[in-house]
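sequence plus predicted model, see below.
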Amino acid sequence: MSDKSKGERIWDAFLTPRDQQVFEAAGYGARGGFGERPALLIVDLNYGFVGDKPEPILESVKRWMNSCGEDGWAAVAVIKKLLAAARAKEIPVIYTSGLRRADAWDQGAWAFKNSRVNKHYLGLSPTTLRSNIIVPDIAPGRRDLVIGKQKPSAFHGTPLMDYLVHLRCDSLLVAGTTTSGCVRATVVDAFSYNYRITVVEDGCADRSQASHAINLCDMNAKYADVVASPEVIDYINKLPDGLFDLPEGDPDAARLFAVDKPSV
């Protein structure tokens, strides 16, 4: 692709020489650049998608069918650093997680393509929806925004666009799970709304290594810049102070998605 001169990319091992030539000849993969007023969007970093502790994926999926296993926890470690930079600079931090009735009546089409959904979707404790609990290591702070969603895209049926307009954001920094699912669906919708999008490469995870790599490739080709976290953090650190008028703070804002009270 056009940025291959910057070094080997995670998806290169999955592309044929013809693929590389097509991307280059067609002009895909140009760098779009960061925006001036970004929000950090953390997509579905919850127990359902990484499990409740770091462990190999084949162990984790026994209890958490959607888990990304150890790759998910590697993304958690990266996101902790992104959150520290974003909060220090006081740029908006927006989380998503699943929102589901305790009886899972509203799971809809999620039941169509997975044989374990009806029995295991809600994880270890259906009555408390533990699958949707945001990992405590990166728990929402009192000034962060938390959105519940029922479909892959963070935009579908949620107030996300309202929040971005209210904050006058022109761009998104996106991390979370899964790369091929909710992250990609969110990125495509954000692209459709003409936002500049940066996907934090090492802040995303997927169950399938091939799906992870190829979807990063496809997003980088057409919809977003796929950038490693050190460059994203450096960009955040260099933003002007006082860009945003953030919420004063709601200590109970994330109560549906946290084990305890959210951190401050």
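Okay, I see it.

CA only for contacts and neighbour counts going forward, please
Will do.

what about the closest residue to Tyr28 other than its chain neighbours, which helix or strand?
Residue nearest to Tyr28 in three dimensions, not counting chain neighbours: Ala221, with 4.9 Å by C-alpha to C-alpha, 6 or more residues apart in numbering. Take DSSP states H and E as the rule and Ala221 turns out to sit in helix 209-222.

chain center to that helix: distance?
Taking C-alpha atoms, centre = their mean, to the nearest Å, the mean C-alpha location of helix 209-222 is offset from the chain mean by 14 Å.

list the contacts of it.
1, 10-11, 14, 23, 28-30, 178-180, 184, 187, 201, 205-206, 225-226 (C-alpha atoms under 8 Å, 6 or more residues apart in numbering).

can you give me the helices in the chain?
Counting by DSSP state H, the chain has helices at residues 17-26, 47-50, 57-63, 70-89, 117-120, 160-167, 184-192, 209-222, 229-237.

quick one: which of these is nearest Arg37?
Of all the helices of the chain, helix 160-167 sits nearest to Arg37, with 8.7 Å by C-alpha to C-alpha.

so what touches that closest one?
39, 147, 154-155, 244-246.

next, the angle from it to helix 184-192.
If you take axes from the mean of the first three to the mean of the last three C-alpha atoms, to 10 degrees, helix 160-167 sits at 50 degrees to helix 184-192.

now Pro38: closest residue in space that isn't a chain neighbour?
Leaving aside its sequence neighbours, Pro38 sits nearest to Ser171 (C-alpha to C-alpha, 6+ apart; 4.6 Å).

what about the one you found, how many residues close to it?
Look at Ser171: counted by other C-alpha atoms under 10 Å, it has 22 neighbours.

show me what contacts it?
By C-alpha under 8 Å, 6+ apart, Ser171 lies in contact with 34-39, 195-198.

wait, which of those residues is closest to Ile133?
Among the contacts of Ser171, Ala39 lies closest to Ile133 (C-alpha to C-alpha), at 21.6 Å.

so who does the residue nearest to Ile147 when sequence neighbours are not counted touch?
Distances taken as C-alpha to C-alpha, 6+ apart put Thr96 closest to Ile147, at 4.8 Å, once the chain neighbours are dropped. By C-alpha under 8 Å, 6+ apart, the contact list for Thr96 reads 41-45, 146-149, 154.

so what's Thr96 bridging to?
Taking DSSP bridges as the rule, Thr96 bridges to Val43, Ile147.

just the buried residues from the contacts of helix 209-222, in PyMOL please.
A single PyMOL command selects the buried members of the contacts of helix 209-222 (16 or more other C-alpha atoms under 10 Å):
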select buried, resi 1+11+28+29+178+179+180+184+187+201+205+206+225+226
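
residue contacts, Thr72?
For residue 72 the amino acid is Gly, not Thr. Contacts here follow C-alpha under 8 Å, 6+ apart; on that basis Gly72 touches 49-50, 177, 204-206.

kindly provide the distance from it to Ile138.
Gly72 sits 12 Å away from Ile138, going by C-alpha to C-alpha, to the nearest Å.

kindly list the longest strand within the protein.
Longest strand in the chain, counting residues (DSSP state E): strand 196-205.

mind giving me the packing neighbours of that strand?
Judged by 3 or more C-alpha pairs under 8 Å, 6 or more residues apart in numbering; DSSP states H and E, strand 196-205 is in contact with helix 70-89, strand 171-177, helix 184-192, strand 225-227, helix 229-237.
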